[in-house]
Each structure stands twice: as structure tokens, then as C-alpha cells.
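>>> prediction below, plus the sequence it came from.
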Amino acid sequence: GAGVSQTPSNKVTEKGKYVELRCDPISGHTALYWYRQSLGQGPEFLIYFQGTGAADDSGLPNDRFFAVRPEGSVSTLKIQRTERGDSAVYLCASSFSGQITDTQYFGPGTRLTVL
Amino acid sequence: AQTVTQSQPEMSVQEAETVTLSCTYDTSESDYYLFWYKQPPSRQMILVIRQEAYKQQNATENRFSVNFQKAAKSFSLKISDSQLGDAAMYFCAYRSAGYGNKLVFGAGTILRVKS
């Protein structure tokens, strides 16, 4: 595709449920990032993939959050036992490699609402 | 840890006028990049301009320019000849030099453009 795509655009779930958020990076990009943007805040880093492996998961808030990228392209962010505090926009970004000179291109995000 | 501060929650500018958005950051590193991203209501983050810390010359992209003061740890964005399409949330972001490093964002400034 031409840009980073994320599905679904919006997700409403109930407290305690499990959700999966999907990110399709730009074709050929090996680096993929997940960020979380709470209302009125800037995005906060969650996890960085280089290829299939999570190179930096220091931003994941707790063990309810997990992300995979099994084939080095599409990534899924998984949240178990959702809580109301998980409500936010989840942004995905990709870049050609992980070098600092590479621009991170963002998707439109998934707005998650936990009731 | 690095922090980014945007002290202006909201700014307004008349169409065709010039506006400056402020950003300060805190770091002990000497090599890093700074960015301004634009986030319209569509949520898609768009890179506006970036500055390499080792460059003394301020970056410029068409109507957008920065005033980078490394010693003061200040990185402001100037938008000249403001247009209605410039209305958005603007985020200042920091990235350490090195492979795969995450972006650290400020809280953002809402820019309103009056016709």
C-alpha cells in the first residue's frame, strides 16, 4: 500500500475483554513502532520491531500488553483483560530501517474505547 | 530520560500571518534529532520538519522553519504565511542518535487559523 494502514479504525470493547489491533506497514519497511496517545497528550512509545523481533519493548505498560510481527511485515498489538485506562488512540509507524535518518511514517491509528 | 515540553496548549494566527510554536527539551546527550509533526483531525501524524543536533544551520521547509538553540535546548517552529490547512495539533519530538530509537513527544500545541 501507499502508506501505513491500521485496522480497525475504531474499537469499542467492554472491560475485561481481549482486543487485537492490526498494523500494515509500508511495503519494504523493516522497522515498526507502536505508540499510544491518550486524550490531550502526545504519543508515548510502546514497542519497536526490527524485522520479526521486538528490539525494544520498554514502553509496554504491563504484561497485559503484547505485540507480534511473525513475518516481519504486519504487526498485531494484543491487549488482554482490558481496563478503562487502556482507552486511547494506538498509533503505528514504520520506517525503512531503524536508522535515525529514516523518517517514521505514521498510520491513522485505532481509537480504542473500553467501557 | 529525555523530556519534551510544549508550554503553549493552544495558539491562534490570522491567515497569511506568521506564528511561532515553542518547544524545549531536556537531555544529557550530544547527538540527537528533533522533529515537528502535524496531526490534523484525521489523526495521521505528518512530519513537518527535522533538525540534526550537530548542524548549526536551522532547517527550513518552504513556509516552515525552526529556530534551534542547542545550548538553551530550545526548538521553536515558525510558520510563515499561515494557511487554513495549517490548522492542526503540532507535536515537537526528540529522538536519540542510534539505531531504532523511539520518538519522545511533547504534549502538543493546537494551532487555530482564522480567516
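Perfect, I can see it now.

>>> quick check: residue B:89 touching residue B:38?
Yes. Under the criterion of CB atoms under 8 Å, residue B:89 lies in contact with residue B:38, with a separation of 7.4 Å. No exception for glycine: its C-beta is placed from N, CA and C like everyone else's.

>>> report the central residue of chain A.
Taking CA atoms, centre = their mean as the criterion, residue A:34 is the residue nearest the geometric centre of chain A, at 3.3 Å.

>>> avg pLDDT for the helix or strand hosting that residue?
Residue A:34 belongs to strand A:31-37 when assigned by DSSP states H and E. Regarding strand A:31-37, the rounded mean pLDDT is 97.

>>> what do you get for stretch A:81-96?
97.

>>> ok, now stretch B:80-89?
pLDDT averaged over stretch B:80-89 gives 97.

>>> which positions in it come out as buried?
Using 16 or more other CB atoms under 10 Å in any protein chain shown as the test for burial, stretch B:80-89 gives B:82, B:86-89.

>>> identify the farthest-apart pair in those.
Greatest spacing in the buried residues of stretch B:80-89, by CB to CB: B:82 and B:89 (15.2 Å).

>>> quick one: the strands in chain A?
Along chain A, counting by DSSP state E, strands occupy A:5-7, A:10-13, A:19-24, A:31-37, A:44-50, A:53-56, A:65-68, A:75-79, A:88-95, A:105-106, A:110-114.

>>> may I see the buried residues of the helix or strand of chain A with the lowest mean pLDDT?
The helix or strand of chain A with the poorest confidence is strand A:53-56; it has a mean of 93 (mean pLDDT, DSSP states H and E). By neighbour count on 16+ other CB under 10 Å, the buried set for strand A:53-56 is A:54, A:56.

>>> stretch A:2-17 too?
So for stretch A:2-17, counting by 16+ other CB under 10 Å, buried means A:4-6, A:11, A:13.
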